[in-house]
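Could you work out the structure for the sequence below:
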Amino acid sequence: MKKRIAKVLCAAVLGGSLAVTGLSSVAMASEGGDETFKVAYIARNQSDPFAAELVNQFTKQAEDYADTFTLDTFDSQADSEKENSIIEDCITKQYDCIIIQPNDGNLQLPYCQKILDAGIYCITTNAAIRELEGGSWVDGDPYAQGEAIAKLAAEQVPEGGTVGILNCMPGNFHTTSRYEAIKAEFIDKRDDVNIIGDYMEEEATEAAAMATMEDWATSYGRIDCMLTTADLLGNGAYEAVKDDPTYDGMLVYSVDCLAKTVLEIKDGVYTAAVYQNPPALAAANLKAAYDLLTGAETVVNESVDSLLCTADNVDQFIQMYIEQGQITAEEAAEHGYEEGSATSILAE
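Reported below is the predicted structural model:
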């Protein structure tokens with residue numbers, strides 16, 4: 001079993017009952033046979049920028065394992081029933097390993113059990129289902145992600161400041177854990193601030209966050225800080241008030257660290273975001289699938305490091321996104337970045 005402690009790196013503030021695939025297949029692979037396994041990756045919702053980048057990383061990095069397994073990707077479109085239907089279809093088609101990014105861990109749990117009962121390896125990721133006995137998981141540490149932005153906000157929000165808190169996706173392990181950290185490290189410790197809203201959006205969308213922010217702006221006026229569990233919530237909150245000088249200097253925090261958010265941090269209109277590290281997540285998931293299929297491991301439990309982006313290290317994130325093709329050199333220059341002036345954060 002693989003296990004290591006997850007950590008959030010921060011330049012600013014943080015330093016017998018196992019179901020297995022057929023033994024004959026595993027034996028053939030381990031002895032250097034030419035059998036190719038089939039692996040499925042089921043994404044939560046590819047219209048979500050983070051989920052889309054994770055699929056992109058899976059597809060790109062799976063080429064390194066072409067001699068051992070093929071990878072097919074599927075989109076659940078933020079629909080738990082659709083995701084469960086895809087899982088059942090993959091079981092019927094006899095995939096050797098199924099990797100799932102759950103839409104709702106509670107609803108996907110019994111279907112993941114079906115995978116194991118069928119003698120197929122099951123890996124859950126982002127947000128992992130960790131209570132699945134005999135199942136594997138590869139994930140970040142969502143509590144540490146929330147803790148990073150909560151501690152930074154606790155240091156930076158002025159005394160008596162007005163704060164809005166936005167969470168999303170009830171039943172999602174990641175957003176729930178991030179919120180728990182925000183409550184412990186900010187809400188419970190900063191009793192001197194005025195929390196005007198502590199709200200749960202059904203989905204992480206800019207549109208939903210904009211609507212909520214517009215309501216709060218009308219009701220409360222100046223808001224000093226928006227502390228959110230996902231980039232799209234922070235982006236939506238900022239978009240709703242960016243043209244109103246009343247909100248100049250508003251602090252905004254989130255988790256995902258999308259390319260758009262990185263440029264806003266460079267512009268000084270967004271404060272900080274935790275990068276969930278899709279390249280590392282994809283790499284660890286694919287390595288886990290390889291180890292399971294070849295018999296090197298029977299269960300893999302692995303945590304992947306997350307990274308905090310602030311004004312102090314934003315240039316490294318911009319360079320990373322340029323190298324990944326998500327930001328052009330021209331776009332970066334428009335925001336005051338000179339290509340090549342920093343090393344990608346992933347090179348460290």
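
In the stretch 201-348 of the chain, mark out all the strands, start to finish.
Here the stretch 201-348 of the chain has its strands, by DSSP state E, counting those that start in this stretch, at 225-228, 251-256, 272-275, 301-303, 306-309.

Out of the ones you listed, which is closest to H335?
strand 306-309 (13.8 Å; CB to CB). Placement of C-beta: from N, CA and C, glycine included.

Parallel or antiparallel, list what pairs with that closest one.
Within its sheet, strand 306-309 is paired with strand 8-10 (parallel), strand 272-275 (antiparallel), according to DSSP bridges.

need the contact list for L109.
Counting by CB atoms under 8 Å, 6 or more residues apart in numbering, L109 makes contact with 129, 131-132.

Try it again at 6 Å.
If a contact means CB atoms under 6 Å, 6 or more residues apart in numbering, then L109 has I129 as its contacts.

again with I195
Per CB under 6 Å, 6+ apart, neighbours of I195: V163.

Can you give the contact residues for the strand or helix carrying A51?
According to DSSP states H and E, A51 maps onto helix 49-61. Helix 49-61 has contacts (CB under 6 Å, 6+ apart) with 41, 43-46, 73, 256, 258, 278-279, 282-283, 286.

If we go by neighbour counts, what in the helix or strand following it is buried?
Downstream of helix 49-61, the next assigned helix or strand under DSSP H and E is strand 69-75. Neighbour counts using 16 or more other CB atoms under 10 Å place 69, 71, 73-75 of strand 69-75 among the buried residues.

swap in stretch 283-303?
283-295, 297, 299-303.

And for stretch 333-348?
Quick answer for stretch 333-348 (16+ other CB under 10 Å): 335, 337, 342, 344-346.

With stretch 238-245 instead?
Buried, per 16+ other CB under 10 Å, within stretch 238-245: 238-241.

Output it as CSV, restricted to C-alpha atoms.
In CSV, the C-alpha atoms belonging to stretch 238-245 read as follows (Å, rounded to 0.1, in the frame of the first residue of the first chain):
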residue,chain,number,x,y,z
TYR,A,238,-15.4,39.2,-8.5
GLU,A,239,-17.1,39.5,-11.9
ALA,A,240,-20.3,40.7,-10.3
VAL,A,241,-18.6,43.8,-8.7
LYS,A,242,-15.4,44.4,-10.7
ASP,A,243,-16.7,47.5,-12.3
ASP,A,244,-17.9,49.1,-9.0
PRO,A,245,-15.1,51.1,-7.3
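
I'd like the distance from it to the chain centre, please.
26 Å (CA atoms, centre = their mean, to the nearest Å).

Restricting to C-alpha, output stretch 265-277 in PDB.
C-alpha atoms of stretch 265-277 as PDB (Å, rounded to 0.1, in the frame of the first residue of the first chain):
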ATOM      1  CA  ILE A 265      -3.800  37.400  -9.200                       C
ATOM      2  CA  LYS A 266      -1.100  38.900 -11.500                       C
ATOM      3  CA  ASP A 267      -3.400  41.900 -12.000                       C
ATOM      4  CA  GLY A 268      -3.800  42.300  -8.200                       C
ATOM      5  CA  VAL A 269      -7.600  41.900  -8.200                       C
ATOM      6  CA  TYR A 270      -7.600  38.400  -6.800                       C
ATOM      7  CA  THR A 271      -5.700  37.400  -3.700                       C
ATOM      8  CA  ALA A 272      -4.900  33.700  -3.700                       C
ATOM      9  CA  ALA A 273      -5.900  30.300  -5.000                       C
ATOM     10  CA  VAL A 274      -4.800  26.700  -4.300                       C
ATOM     11  CA  TYR A 275      -3.700  24.700  -7.300                       C
ATOM     12  CA  GLN A 276      -4.900  21.100  -7.200                       C
ATOM     13  CA  ASN A 277      -2.100  20.000  -9.500                       C
END
